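1. Okay, here's the prediction I keep looking at, along with the sequence it came from:
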Amino acid sequence: MTPAELAAAVLDAARRVVTARGLDPTLLPETTTVARPRQPEHGDYASNLALQLAKKLGVKPVDLARELADELARTDGVKSVEVAGPGFLNVRLDAAAAGALARIVVQQGRAYGRSETLAGEKVNLEFVSANPTGPIHLGHTRWAAVGDSLGRLLSAAGAIVTREHYTNDAGAQIERFGRSVLAAARKEPAPEDGYAGEYITDIANKILEAHPDALDKGEEFFAEVGHKAMLAEMRASLERFGVHFDVWFSERDLHNGGAVEHALEELRKQGHVFDHEGAVWLRTTDFGDDKDRVLIRSNGEKTYFAADCAYYINKRERGFDRCVYLLGADHHGYIARLRAVAACAGDDPARNIEVLIGQLVNLVRAGEPVRLSKRAGNIITLDEIVDAVGVDAARYSLARSSTDSVLTLDIEEITRQARENPVYYVQYVAARTASVSRNAADLGITRGDDFDAALLVHEKELDLLKALGDFPAIVATAAELREPHRVARYLEDLAGTYHRFYDKCRILPQGDEPVTELMRARLWLNDAARTVIANGLDLLGVTAPERM
RNA sequence: GCGCUCGUAGCUCAGUGGAUAGAGCAGAGGACUUCUAAUCCUAAGGUCGCAGGUUCGAAUCCUGCCGGGCGCACCA
């Protein structure tokens, strides 16, 4: 029996009690959940439904809980129901009902944990969106890891996800970049307002190799060829990191294709565009923004914000119900105006646009803060991180904490982390379970078509079964809250539970011991654990190795 | 000044109103003729920033204060 099935049984019982008492059944919630109590004496699962309902129904919580308990106790697979404290229901399951979970997990395989809660939703997930004036650095890397995992989570919840990278290739920064590369090609120092760093010289050299006459062509040529080379590098770094963007969207295309004018017309139709002091404005204050925003400056130039509007409208016209933006905390001021753009376009900001803000990564070296500057060229790149610790450890450490909190990474620790990163604790479960399977195969022991679930009664077996049962709810919550780190934390917990099971419960025969049904049952449990670890790691873009 | 956000163990961080607040790392002690010790076990470590409020119940929600980060362009 899965937690979801038990929760449904609790709700059914409540419906019967409420109906029998002649109370209003519409006061019942549509769904409920059961929780895993921390104390074992509080049972396998607990429900607080009686506490939540009592006030609404105008009855005493404990009385309602007692009636619910009696009703619920008649459910197949439920061994006992106790009322505790102010009105909790503490439920215990039959061994066979608890053990059956291993069967469910193994049978569902890769599908275990997936759901249909976002079925049919077309989601545009924009993240990283780094300027093509430098390599992908540590700050972007956090969004690469988190954004890609979020995409996997949303897909697991049934959504159709398009991963998109927006490239600001239309601004003055590209000109500065071109001047910087040209200067490097001429062996001159970087311009005052330009970019420095080895990568600029590398690009300059590459351009000179491919185009020996480049120096005659001027800075526009260097800007053009240089930023395209930069983009290719960024793409290669991200692919190596396991992050694939379905669409690389160019701001310049937006301008050249007339999308900005089109957006202005659309916004004008909705009645939120006005002229003031020679400039064209969008009245974003109608929808909660602090101040109105300029679309076209009095000198006739379109603002970056105008492109933002066009981009949003373009996404909607491409059929995306939900436009999700993953931005760094230094852009949180954009939330209000982006939401206002959606509203100005006649959309529902609560549904069509979602701006997620993540805190920045703080870098220290041996406790001393390190200021990163692309201009100064002292950045830590994605490639350097991957070289130092590998893709799995890098992705895991960036995705395992909430994006609400500032992540502090010690450069020295990152390289040391290769050994102490919790990802290995989780991956080791994958390796151990695979090893058990290999050994079983060597001994000629097969899992069989089925097993006696009632044999799984050891405390560590039951703990593991319950932990495996939590997975679908964890995935659903992580997807709903857009918080991939929940998956990582769950996996660490599950890994501990598996290691303790492995330590206490021998799976395979030793010496010439005969093969028992318990061993077969444990083999199912072992495979179930491997399935969940692998599914969970996959949501984080981390491998589940067969050996370590 | 206004806005967003964070404040939990020595450090890095979990904990979407539930029962006695957790993990990893660091540090103390123990377990390898191993189904892989990248593991397990034991002990230690806390005014959940402070003060009020809401609630049967608050680390979690509300208000105020203190402290840190970030942002407040006819820049990109």
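-> In hand now; what should we look at?
2. any idea which helix or strand carries the nearest residue to A:Trp524 once chain neighbours are set aside?
-> Spatially, and ignoring its direct neighbours in sequence, A:Trp524 is nearest to A:Ala102 (4.5 Å; Cβ to Cβ, 6 or more residues apart in numbering). Every residue, glycine included, has its C-beta placed from N, CA and C. Secondary structure here is read from DSSP states H and E; on that basis A:Ala102 sits in helix A:95-108.
3. Buried ones in that helix, by neighbour count?
-> For helix A:95-108, a neighbour-count test (16 or more other Cβ atoms under 10 Å) marks A:Ala95, A:Ala96, A:Ala97, A:Ala98, A:Gly99, A:Ala100, A:Leu101, A:Ala102, A:Arg103, A:Val105, A:Val106 as buried.
4. The third one and A:Asp76 touch, don't they?
-> Yes: in terms of Cβ atoms under 8 Å, A:Ala97 counts as a neighbour of A:Asp76; the distance is 7.5 Å.
5. can you tell me which of the buried residues of helix A:95-108 lies nearest to A:Tyr334?
-> Checking the buried residues of helix A:95-108 against A:Tyr334 with Cβ to Cβ, the nearest one is A:Val105 at 42.1 Å.
6. just the strands in the stretch 101-250 of chain A please.
-> If you assign secondary structure with DSSP state E, counting those that start in this stretch, the strands in the stretch 101-250 of chain A sit at A:122-126, A:160-167, A:247-250.
7. next one: the stretch 251-400 of chain A
-> Secondary structure of the stretch 251-400 of chain A, counting by DSSP E, counting those that start in this stretch: strands at A:273-276, A:279-282, A:293-296, A:322-328, A:353-358, A:361-365, A:368-369.
8. Name the residues that touch the second one?
-> Right, strand A:279-282. A:264, A:267, A:272-275, A:292-298, A:305, A:309, A:340-341, A:344 (Cβ atoms under 8 Å, 6 or more residues apart in numbering).
9. Could you measure from the residue nearest to A:Trp524 over to A:Ala453?
-> A:Ala102 sits 7 Å away from A:Ala453 when distances are taken as Cβ to Cβ, to the nearest Å.
10. overlap in contacts of those two?
-> Between them, A:Ala102 and A:Ala453 share these contacting residues under Cβ under 8 Å, 6+ apart: A:Ala521.
11. dump the residue contacts of the residue nearest to A:Trp524.
-> Neighbour list for A:Ala102: A:Phe451, A:Ala453, A:Leu456, A:Leu465, A:Leu468, A:Ala521, A:Trp524, A:Leu525, A:Asp527, A:Ala528 [criterion: Cβ under 8 Å, 6+ apart].
12. cool, and A:Val423?
-> By Cβ under 8 Å, 6+ apart, the contact set of A:Val423 is A:Asp392, A:Ala393, A:Tyr396, A:Ser397, A:Val542.
13. Among those, which are located in helices?
-> Restricting the contacts of A:Val423 to those inside helices, with DSSP state H as the criterion, leaves A:Asp392, A:Ala393, A:Tyr396, A:Ser397.
14. Around RNA strand B, pick out the residues from the stretch 201-350 of chain A.
-> For the stretch 201-350 of chain A, the residues in contact with RNA strand B (Cβ under 7 Å from any atom of the strand) are A:276-279, A:290-291, A:294, A:297-299, A:301, A:303-305, A:329-330, A:332-333.
15. Just the buried residues out of those, in ChimeraX syntax.
-> Buried subset of those, written as a ChimeraX selection, criterion 16+ other Cβ under 10 Å:
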select /A:279,294,303,305
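16. quick revisit: okay, the residue nearest to A:Trp524 and A:Val429: tell me how far apart.
-> When Cβ to Cβ is applied, the distance between A:Ala102 and A:Val429 equals 15 Å.
17. Taking chain A, what residue is nearest to RNA strand B?
-> A:Gly171 (1.4 Å; Cβ to the nearest atom of the strand).
18. Check the strands of the stretch 251-400 of chain A for me: which has the lowest mean pLDDT.
-> Within those, confidence is poorest for strand A:368-369, with a mean of 64 (mean pLDDT).
19. can you list the weak-confidence ranges in the stretch 351-500 of chain A?
-> In the predicted model of the stretch 351-500 of chain A, residues A:365-378, A:412-419 satisfy pLDDT under 70.
20. Tell me the residues on it that lie near RNA strand B, please.
-> If contacts are counted using Cβ under 7 Å from any atom of the strand, the residues of the stretch 351-500 of chain A sitting beside RNA strand B are A:357, A:359-360, A:362, A:400-402, A:404-408, A:419-420, A:422, A:424-425, A:428, A:431-432, A:434-436, A:439, A:473, A:477, A:480-481, A:483, A:485-486, A:489, A:492, A:495-496, A:499-500.
21. what number of residues lie near the residue of chain A closest to RNA strand B?
-> The burial metric for A:Gly171, expressed as a neighbour count using other Cβ atoms under 10 Å, is 15.
22. next one: phi and psi at it?
-> The phi/psi pair for A:Gly171 (degrees, to the nearest 10) reads phi -100, psi -170.
23. For A:Gly328, see how far away it is.
-> According to Cβ to Cβ, A:Gly171 and A:Gly328 sit 18 Å apart.
24. so A:Pro334 sits right up against A:Leu327, yeah?
-> In this structure residue A:334 is Tyr, not Pro. Yes: in this structure, A:Tyr334 is within contact of A:Leu327 by Cβ under 8 Å, at 6.3 Å.
25. Would you enumerate the residues in contact with A:Leu215?
-> Taking Cβ under 8 Å, 6+ apart as the test, what A:Leu215 contacts is A:Ala185, A:Arg186, A:Leu208.
26. which one is the first one nearest to, not counting chain neighbours?
-> Spelled out, that is A:Ala185. Residue nearest to A:Ala185 in three dimensions, not counting chain neighbours: A:Ala204, with 4.0 Å by Cβ to Cβ, 6+ apart.
27. does that neighbour really touch A:Arg179, like I thought?
-> No: contact status for A:Ala204 versus A:Arg179: not in contact, 11.4 Å apart, counting by Cβ under 8 Å.
28. Domain-wise, how is chain A divided?
-> Residue ranges of the domains in chain A are recorded as A:3-93, A:122-169+A:243-357, A:172-238, A:418-539, according to automatic domain parsing.
29. Nearest to A:Ile385, out of those?
-> domain A:122-169+A:243-357 (6.2 Å).
30. quick one: low-confidence ranges for the stretch 151-300 of chain A?
-> Along the stretch 151-300 of chain A, no part satisfies pLDDT under 70.
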